[in-house]
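Engineer: the following block contains a protein sequence and its predicted model.
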Amino acid sequence: MKHSENPIPKGNSKPSLKLDWCSRSSAEMAVMRWHYSKALPNPKSVYIGVWENARFIGVVIFGIGGGNATNGEKYGLSRFEMAELERVALDRHNTPVSRIVSVAIRMLKKQSPKLKCLISYADPAQNHHGGIYQAMNWVYTGTTPPGRGLKDSRGKIHHSRVVSDAGVNRQFGSMKKVRTWNSGTKIILPGKHRYLLALDDETRSRIEKLRKPYPKRAGSETVDTSGDQPEKGGSIPTPALQTL
């Protein structure tokens, strides 16, 4: 894990900030410690580590998402012109999250110049409404359809992607053990709030027409991040998301 930022000088209240590409293992550690999902997205992702005052405080993760998460056809984009902001997993910090994400996006644009749009989701089931995206003027386009879920005996909610009748499901191209539907209470999950951010003027003019009024905060909210997205795919990044 790289610590390339010097500590903040004494007498200066402004925290020093450093973002740099980090390893999958560092990203996994951050997600397991500081993100509610406790799940690392699929291997077709890039990981940008965040350091504040020379201390590693988390990660911002971009990827191609799973299923139709980054299918840009309805926005006039190809599969490789759209990426998903999948996770923002941060420890306690002083720098605004919007600034951290903005710097990460600039890094991504420089590394992947073919990208034209980002998409991300806020999960109301986790009391998220997308405050970070609203602060950054992302375009809100409504919600995804409701989904099925399972609430276990501890009250934890599991999406249908990680539940099956047989107790196994395909993830990352292989069959893995998951919960069964009879191991808890079946519930209906609300649709997730969907946000878009154009990375060029042409795309911006196209998606701006889709803008809807921002949803309001429903309850307490900490770091607003992408929700649990489908986790599929192999180990080779897409052409637009080549890792360094």
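Structural biologist: Received, thanks.

Engineer: please make it C-alpha for all contacts and neighbour counts, starting now.
Structural biologist: OK.

Engineer: which residue is nearest the middle of this structure?
Structural biologist: Centroid-nearest residue in the chain: Glu86, 1.9 Å away (criterion: CA atoms, centre = their mean).

Engineer: measure that one to Gly184 for me?
Structural biologist: 27 Å (CA to CA, to the nearest Å).

Engineer: domain parsing for this structure?
Structural biologist: Recorded structural domains for the chain (assignment: automatic domain parsing) are 1-7+16-143+191-244, 147-189.

Engineer: can you check the distance spanned by the shortest one, start to finish?
Structural biologist: I take that to be domain 147-189. One end of domain 147-189 sits 5 Å from the other (CA to CA).

Engineer: off-centre distance for it?
Structural biologist: Here domain 147-189 is found 21 Å from its chain centre; the criterion is CA atoms, centre = their mean, to the nearest Å.

Engineer: what ranges do the helices span in this structure?
Structural biologist: 24-34, 97-111, 131-135, 201-207 (DSSP state H).

Engineer: now mean pLDDT and distance to Asp152 too, for the ones you listed, in CSV please.
Structural biologist: Compiled in CSV, those are given as follows (pLDDT from 0 to 100; distance: least, CA to CA, whole Å):
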stretch, mean pLDDT, distance to Asp152
helix 24-34, 95, 20
helix 97-111, 97, 32
helix 131-135, 94, 29
helix 201-207, 94, 39
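
Engineer: so for Ala166, which of those sits nearest?
Structural biologist: Among the helices of the chain, the nearest to Ala166 by CA to CA is helix 24-34 (26.7 Å).

Engineer: the protein: strands as residue ranges?
Structural biologist: 17-21, 45-52, 55-63, 82-90, 117-122, 139-143, 147-151, 157-159, 163-164, 168-171, 174-177, 179-180, 185-189, 193-198 (DSSP state E).

Engineer: I'd like the ones you listed as TSV, with mean pLDDT and distance to Met32 appended.
Structural biologist: Conversion of the strands of the chain to TSV gives the following (pLDDT from 0 to 100; distance: least, CA to CA, whole Å):
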stretch	mean pLDDT	distance to Met32
strand 17-21	97	18
strand 45-52	96	14
strand 55-63	96	10
strand 82-90	95	9
strand 117-122	94	19
strand 139-143	95	27
strand 147-151	86	20
strand 157-159	78	16
strand 163-164	83	20
strand 168-171	69	18
strand 174-177	73	19
strand 179-180	85	19
strand 185-189	89	23
strand 193-198	96	23
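
Engineer: mind putting the ones you listed in JSON lines, distance to Ile100 included?
Structural biologist: Converted to JSON lines, these look like this (distance: least, CA to CA, whole Å):
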{"stretch": "strand 17-21", "distance to Ile100": "8"}
{"stretch": "strand 45-52", "distance to Ile100": "8"}
{"stretch": "strand 55-63", "distance to Ile100": "8"}
{"stretch": "strand 82-90", "distance to Ile100": "9"}
{"stretch": "strand 117-122", "distance to Ile100": "16"}
{"stretch": "strand 139-143", "distance to Ile100": "19"}
{"stretch": "strand 147-151", "distance to Ile100": "31"}
{"stretch": "strand 157-159", "distance to Ile100": "29"}
{"stretch": "strand 163-164", "distance to Ile100": "34"}
{"stretch": "strand 168-171", "distance to Ile100": "30"}
{"stretch": "strand 174-177", "distance to Ile100": "34"}
{"stretch": "strand 179-180", "distance to Ile100": "35"}
{"stretch": "strand 185-189", "distance to Ile100": "30"}
{"stretch": "strand 193-198", "distance to Ile100": "16"}
